Structures are given as structure tokens and as C-alpha cells.
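Visitor: Pasted the sequence and its predicted model underneath.
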Amino acid sequence: NNNNNNNSQPRPNHNQNPFIHLHQQQAAHLSAIQQMFQNMANNNGNHRNNGNGQNQQQQQSQPQRPMPRMVIRRNVNINHQQNSQSNTVRSMLDNDNDDEDNKINTQEINIKPAEYDNDNDASLNLIKWKIKKTKIQNWIKKGKKYGCYFSDNYELNNGSIWRFFVYPNGINQAGYVDDCVLFISLDELPFGVNSMEVEFAMHFKTCNVNFKFRKCFNNFVTSAGWPRNFLKLQKILELPANKNYVKFTCDLIIHCVCFNGKKMTNKEYVLWKQNNPENVLSFKGNDKPNGKLFRWGLKRKQFMDATFKQYQQSKILSLNGFKWYIQLYPAGLTRSGFVQPYLHLIKMPFGISKVDVRFSFYFKEINIGYSHVDTFNGKMGKGWPDIRLKKDEFKWDQLKSITFDTRINILNVNLNSTIYFVGEFNKKHEDTMDESESKSQSQSQSQS
């Protein structure tokens, strides 16, 4: 109802009105909210491509993740030049000659293997993170307070993907403000595995730090770290001058794996995969049907020269019928001066309405990353927190390259009910027809 005159609206029928028991002021408040959403819907077309100053000020004052009209439905002018005053940076798809500098790599991505011995003890895996001492000390001295830094990925003998992340400059929690806190994190479970019970022991031998803990990891419980007061950040700054590296290690003892609904030891699971190499549940890495790691080599000049709301766009990322792409705002979309990436789902197989996905972003050269589980329905891009990475935190011009990794792992698929139930009905119908045909054949044979 577009009529704004409240007096002209008909009185509600109390016999049919579900809000009859609400307070009169609450009912008026609900009516006002409904009118507000109606006005927003009527003005939707006007806001979609509104370029006036007032609309830009409203966008800047609301530090939220972008709505679909700001990201997915943004009109990109492919004819403008890089040095133009347009509101968008030239997309990678605009120029066919950019393939070599902007290629998306999915095949030749080497993930560090953990150290293990399947013959003696298949449950034990060891991973190591070696960092230059000057690098971690600069994270403390010059980096952001409470900043977080990621390691590369490590692959265990059962195909699970792990990594370290560390808060060298404290955590904004009581007792952790002056600590250097190390975490171990599960990035991806093997295909068909729902959870793993793991005993891990993290070590920093230089400062005699050792922590052991046992925990069940799954797609939603993915990390654990040592407690407060285990390692003060001052000890990192006071490391001897002749020590050039800091090395964190972690022993992971996998006690059991929940695979395809059954619990088994890690050795039994590894042996099953070795004996069934052609089974889809044995596939790992980028051969898995539900997950893939994409590596994007960014253009340094475009990245460094980008201004507020200018973006770079990846090529289409394909994952078994699902189509994705990445939009990266080097100078921010909702927060000026902050690097903001967004992952978009633009196509799903027929009959699927939404998917639950664990996705992760990782700037390889600067050890900045993020991992999260969210629902994608093709209407809104998902990104990391707005202030995760400030652009002037790092000297990008001193980097030889800028590599951006995106890992996509589909956890659950929401199938349209019609497709699901019709499919089941057809299957039952076919089984019934087969039974009836076999009965008729047996009857004819007995008669003969």
C-alpha cells in the first residue's frame, strides 16, 4: 500500500488480526517498520545506481558488508582506461592479454606435507613453522596491536589441511594483552570425514614452551591455542642476536576419525584410502569434488594505485557446477584505506537454492589470512572483517609479487524439495514397476 495517510487505511478485523494481543504502541511500531520496508522496496531502483554525493556519504558511514547492489550487481564499464576517474578499476576479464599476469592457478599448488611415518605410527604427524626472527619482531614492534598472522598450509597423511596462526602482539582479552599466543587450525577435513579427535602438542623450544591438549575438531570447531602467560611477547624481542629464526612445531596425534558415519583409527582410514584409490572418498586436494584451492597472482601496480571503491576482479572459479569469482578492493569498499576481499557465488546447479561453505583468504607474502563458515545463496558476497588489513600496514612496493589464495570447501547443499522428493518418487516408482514386471513374468511362466 503506497498510501502514506494512516487515517485512510481500513481498521483491522480483530477476529483475523494476529497482533490483537500486542500493545497498541507495539502495533504502531510494527506498522511503521512495514511502511519503511515498503518505501525501501519502492525506491530500490533509484538507489541501485545512484551516484550523487548524498548516497556516497551514507555508504561511507555504514561499515557493513556490501549489499548485492554494491558488489554483485555493480555495473562495470569495460571501456574506461586505468587512469580514468571511473569508480571502478579495470576488471581482469576486460583484457585478454592479462592472462599471464593474472592467471588463476588450481593445479600446480604445492602444499607442504607434514612429517609422518605410516609404517611405524600412522596417527602421528609433525608440522613446523619457521619464521625469520626479524619478521616476527617487526610484527610486534611495527605491526597492529592484537594483529594475527597465518602460516602456509600443511597436509597430513590422511589428507586434512592445517595451519598455524599467531598473535605476536597480544589478544584483546584479559590475561593475553602482553602474550604471544600460538594457535593450530584445521582448514579442511578430508572428503567424507565429519570430525577428528586429535591430541596436539605445541612447542617453542627456544623459550621452553610446551603445551599439550586433546580436542575434537570438525567443520565448526577448528582451532585451539595455548593458555595465557605461556609466552610473553617480550621474550621474543629479547631473543639472542645469533638466533636468526623462530620455529614453532606441533605434534598431531589423530586418535580417531569419523568417516562416512563410522569411527575408525587414523591408520585404518589411511589404509582404506590406499586400498581404494579410485573411490571418490579417497580424492584429496583439488581433486576433491566439494573443495578447491585457487591461487590468484595480483597485478602489483593496479593493487597499489587503486583508490577507495576501486576493485580488481578475478576470473570465474569453477567447482563442479558452482561458479564463483572474487572482488578485491585494495583501498576498501566500506572502509577507506583497508583491503577488503569478497567471494561471490554466481551460479549453482539446477535445484540447489543455497550452500554452506567454509572459505578462507590468504595473502601469502604478508601472512595475513581469514577463515569462516557462511551460507551462500547467490545474492550477496562474503568477506572478512572490514578492518582486518590496513593497506599502509605493509610496503607493497617492496614485494616481488602479491599472491592471494582462496580456499572453497562446500559443506552442505540445500536441495529444492521438489527435486528431492520427485527424484525419490521416481526411484520408488521404478522399483515398483520392476517388481510388478518380475511378478508378471513369473506368473506367465507358471501358467505355461
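Guide: Great, that's in hand. The structure presented is a predicted model; accordingly, all values stated were derived computationally and were not measured.
Visitor: Please count neighbours and contacts with C-alpha atoms only from this point.
Guide: Will do.
Visitor: Name the residue closest to the centre of this protein, please.
Guide: Central residue of the chain (C-alpha atoms, centre = their mean): residue 359, 1.8 Å from the mean position.
Visitor: what's the following helix or strand after the helix or strand that that one is a member of?
Guide: Under the criterion DSSP states H and E, the helix or strand holding residue 359 is strand 352-363. Counting by DSSP H and E, the element after strand 352-363 in chain order, helix or strand, is strand 368-376.
Visitor: mind listing what the following helix or strand past that next one pairs with, with the direction of each?
Guide: Sequence order places strand 382-383 as the next helix or strand after strand 368-376, per DSSP H and E. Based on DSSP bridges, the strands next to strand 382-383 in the sheet, each with its direction, are strand 340-347 (antiparallel).
Visitor: hmm, back to that, run through the residues that contact the residue nearest to the centre of the chain.
Guide: Each residue near residue 359 by C-alpha atoms under 8 Å, 6 or more residues apart in numbering is listed here: 371-374, 406-409.
Visitor: neighbour-wise, which of these leads?
Guide: When neighbours are counted by other C-alpha atoms under 10 Å, residue 409 leads those with 23 neighbours.
Visitor: wait, doesn't that residue sit right on residue 290?
Guide: Yes: using C-alpha atoms under 8 Å, residue 409 and residue 290 qualify as a contacting pair, with a distance of 5.8 Å.
Visitor: Using PDB, write down the CA coordinates of the strand holding residue 359.
Guide: Below are the C-alpha coordinates for strand 352-363, written out as PDB (Å, rounded to 0.1, in the frame of the first residue of the first chain):
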ATOM      1  CA  ILE A 352      20.000 -26.100  -5.400                       C
ATOM      2  CA  SER A 353      19.000 -22.900  -3.500                       C
ATOM      3  CA  LYS A 354      21.900 -22.300  -1.200                       C
ATOM      4  CA  VAL A 355      25.100 -23.900   0.200                       C
ATOM      5  CA  ASP A 356      27.000 -23.800   3.500                       C
ATOM      6  CA  VAL A 357      30.700 -23.100   2.700                       C
ATOM      7  CA  ARG A 358      33.900 -22.800   4.600                       C
ATOM      8  CA  PHE A 359      36.000 -20.300   2.800                       C
ATOM      9  CA  SER A 360      39.400 -18.800   3.500                       C
ATOM     10  CA  PHE A 361      41.500 -15.900   2.200                       C
ATOM     11  CA  TYR A 362      45.300 -15.700   2.500                       C
ATOM     12  CA  PHE A 363      47.900 -13.100   1.300                       C
END
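Visitor: Listing partners with orientation, what would you give for that strand?
Guide: Each strand that strand 352-363 pairs with, and the sense of that pairing, follows from DSSP bridges: strand 368-376 (antiparallel), strand 402-415 (antiparallel).
Visitor: Could you dump those into TSV with mean pLDDT added?
Guide: Supplementary listing: these in TSV, determined by pLDDT from 0 to 100:
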stretch	mean pLDDT
strand 368-376	96
strand 402-415	94
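Visitor: closest one to residue 324 among those strands?
Guide: Taking C-alpha to C-alpha, strand 402-415 is the member of these nearest to residue 324, at 9.5 Å.
Visitor: Can you point out the buried residues in that closest one?
Guide: By neighbour count, with 16 or more other C-alpha atoms under 10 Å as the criterion, the buried positions of strand 402-415 are 402-411, 415.
Visitor: quick one: low-confidence ranges for the stretch 101-250 of the chain?
Guide: By pLDDT under 70, the low-scoring segments of the stretch 101-250 of the chain are 101-103, 105-108.
Visitor: got the residue ranges for the strands in it?
Guide: If DSSP state E, counting those that start in this stretch is used as the criterion, the strands of the stretch 101-250 of the chain fall at 104-105, 112-113, 115-117, 121-132, 149-150, 154-155, 161-167, 181-188, 193-204, 209-218, 223-225, 245-259.
Visitor: Quick one: closest of those strands to residue 364.
Guide: Going by C-alpha to C-alpha, the one of the strands of the stretch 101-250 of the chain nearest residue 364 is strand 149-150, 8.7 Å.
Visitor: Run the chain-centre distance for that closest one.
Guide: Centroid separation between strand 149-150 and its chain, computed with C-alpha atoms, centre = their mean, to the nearest Å, is 15 Å.
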